[in-house]
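> Next come a sequence and a model predicted from it.
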Amino acid sequence: MPLALEQIRKMRGGAQSHLMRCADGYYVVKFQNNPQGARILANELLGTRLAARLGLPTPETAVIEVRDDLIDDTDDLVIELGRGRARCHSGLQFGSRYPGPPAEMVVYDFLPDEQLRQTANLSDFCGMLVFDKWTCNTNGRQAIFYRSPGESCYWAVMIDQGFCFNACEWNFPDAPLRGIYARHRVYESVRGMDSFEPWLTRVEERMDDSVTGEIAGDIPPDWYGLDMDALERMLDQLQRRRTRVRDLIVQAWKSSAQPFPNWK
Ligand SMILES: Nc1ncnc2c1ncn2[C@@H]1O[C@H](COP(=O)(O)OP(=O)(O)OP(=O)(O)O)[C@@H](O)[C@H]1O
Ligand SMILES: [Mg+2]
């Protein structure tokens with residue numbers, strides 16, 4: 001379990017995460033007392049690791065230990081609240097690994113069309129939609145893009161699984177456009193249900209309760225208030241949804257927003 005050594009800077013976003021240097025590299029860290037709730041950390045760990053098992057491009061994830069002395073010594077390690085601020089909690093937090101040394105690697109939240117076209121793994125957005133439908137991600141899909149030194153193309157990495165399982169609710173209120181990436185251009189290659197393979201079949205055939213249970217077992221229980229029953233109920237529902245993903249994709253296809261312009 002990597003130990004946090006230094007806070008580098010605050011990141012944008014509702015969870016008020018921090019880029020931190022840790023014993024084995026750099027991570028974007030979300031704290032248990034973030035304004036979106038502690039379960040967001042559980043969702044990140046479970047969601048990101050499930051997506052990785054499906055073969056999707058995700059950051060490496062870790063449970064990061066943040067000690068009191070680091071928080072005491074770092075004025076910036078606070079959460080801004082409506083009124084005032086609170087100290088970030090010490091203990092076990094969620095870390096999403098930064099794709100390289102931050103000083104050498106520029107990471108983008110959005111790319112203009114021309115650069116988006118130069119992204120080598122755009123079809124992974126189709127796979128990620130399979131994942132987001134399965135887990136009922138109630139946020140739009142989010143990705144970061146980076147280019148390694150010397151490379152001409154960009155790579156997309158899927159981040160922010162905090163609102164999978166409907167954030168802290170742990171239910172599944174499906175809606176046609178949930179989980180869709182705002183830039184429909186990434187779905188231009190979609191011609192039919194086959195465009196969502198091999199991920200669709202992997203959800204249906206491989207993601208059984210031994211897989212979800214094993215990953216869930218790595219979640220620090222504090223992240224869900226030690227409520228094992230709630231976790232079990234959520235995982236049961238997730239299992240039952242494995243065969244529903246096809247239908248959910250059809251509903252997105254038929255929606256008036258037409259996210260898949262080339263699927264006739
Ligand atoms: N693994 C990572 N590598 C590099 N940058 C990252 C990584 N994870 C997150 N970030 C950056 O940190 C920002 C905040 O991350 P994220 O979207 O997960 O947090 P959030 O607070 O939940 O945001 P939101 O307001 O969308 O809910 C992102 O916009 C992205 O720029
Ligand atoms: Mg986000």
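Sure, I can see it. Numbers count the residues shown, from 1 in each chain. Ligands and ions are numbered 1, 2, ... in the order given.
> what sits against G37?
167-168 (CB atoms under 8 Å, 6 or more residues apart in numbering). No exception for glycine: its C-beta is placed from N, CA and C like everyone else's.
> cutoff 10 Å now
Going by CB atoms under 10 Å, 6 or more residues apart in numbering, G37 touches 15, 43, 162, 167-169, 223-225.
> Could you do S152 as well?
Contact partners of S152, counting by CB under 10 Å, 6+ apart, are 118, 120.
> How about the one 3 residues further on?
By CB under 10 Å, 6+ apart, W155 lies in contact with 57, 99, 119-121, 124, 143-148.
> hmm, 6 Å instead?
120-121 (CB atoms under 6 Å, 6 or more residues apart in numbering).
> can you check E60 too?
Applying CB under 6 Å, 6+ apart, we find E60 in contact with R97.
> For P2, see how far away it is.
10 Å (CB to CB, to the nearest Å).
> Kindly report the same for Q258.
The spacing between Q258 and P2, counted by CB to CB, is 44 Å.
> Over to R12?
Counting by CB to CB - R12 and P2 are separated by 23 Å.
> Same question for G47.
For G47 relative to P2 (CB to CB), the value is 20 Å.
> Same check on E114?
From E114 to P2 the distance is 37 Å (CB to CB).
> interface residues of the stretch 51-200 of the chain facing ligand 1?
Within the stretch 51-200 of the chain, the positions adjacent to ligand 1 are 59, 96-99, 107, 109, 142, 144, 159-160, 162 by CB under 6 Å from any ligand atom.
> From those residues, list just the buried residues.
The neighbour count (16 or more other CB atoms under 10 Å) marks 59, 96-99, 142, 144, 159-160, 162 as buried among these.
> can you give me how far stretch 75-93 is from the chain middle?
Here stretch 75-93 is found 22 Å from its chain centre; the criterion is CA atoms, centre = their mean, to the nearest Å.
> buried sites along it?
Buried residues in stretch 75-93 (16+ other CB under 10 Å): 77-79, 88-93.
> The stretch 151-264 of the chain: helices as residue ranges?
199-206, 209-216, 228-240, 245-254 (DSSP state H, counting those that start in this stretch).
> Of all the ones you listed, which one is nearest Y26?
Smallest distance to Y26 across those (CB to CB): 23.2 Å, for helix 209-216.
> Mind giving me the packing neighbours of the closest one?
Counting contacts by 3 or more CB pairs under 6 Å, 6 or more residues apart in numbering; DSSP states H and E, helix 209-216 packs against helix 39-53, helix 228-240.
> any chance of these in JSON lines, plus distance to E204?
Shown next, in JSON lines, are these (distance: least, CB to CB, whole Å):
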{"stretch": "helix 39-53", "distance to E204": "14"}
{"stretch": "helix 228-240", "distance to E204": "11"}
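> For the residues of the stretch 51-200 of the chain next to ligand 1, give me a markdown table that also has distance to A23.
A markdown table is the format used below for these (distance: CB to CB, whole Å):
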| residue | distance to A23 |
| --- | --- |
| P59 | 17 |
| S96 | 16 |
| R97 | 12 |
| Y98 | 14 |
| P99 | 18 |
| V107 | 21 |
| D109 | 27 |
| Q142 | 27 |
| I144 | 23 |
| I159 | 22 |
| D160 | 24 |
| G162 | 24 |
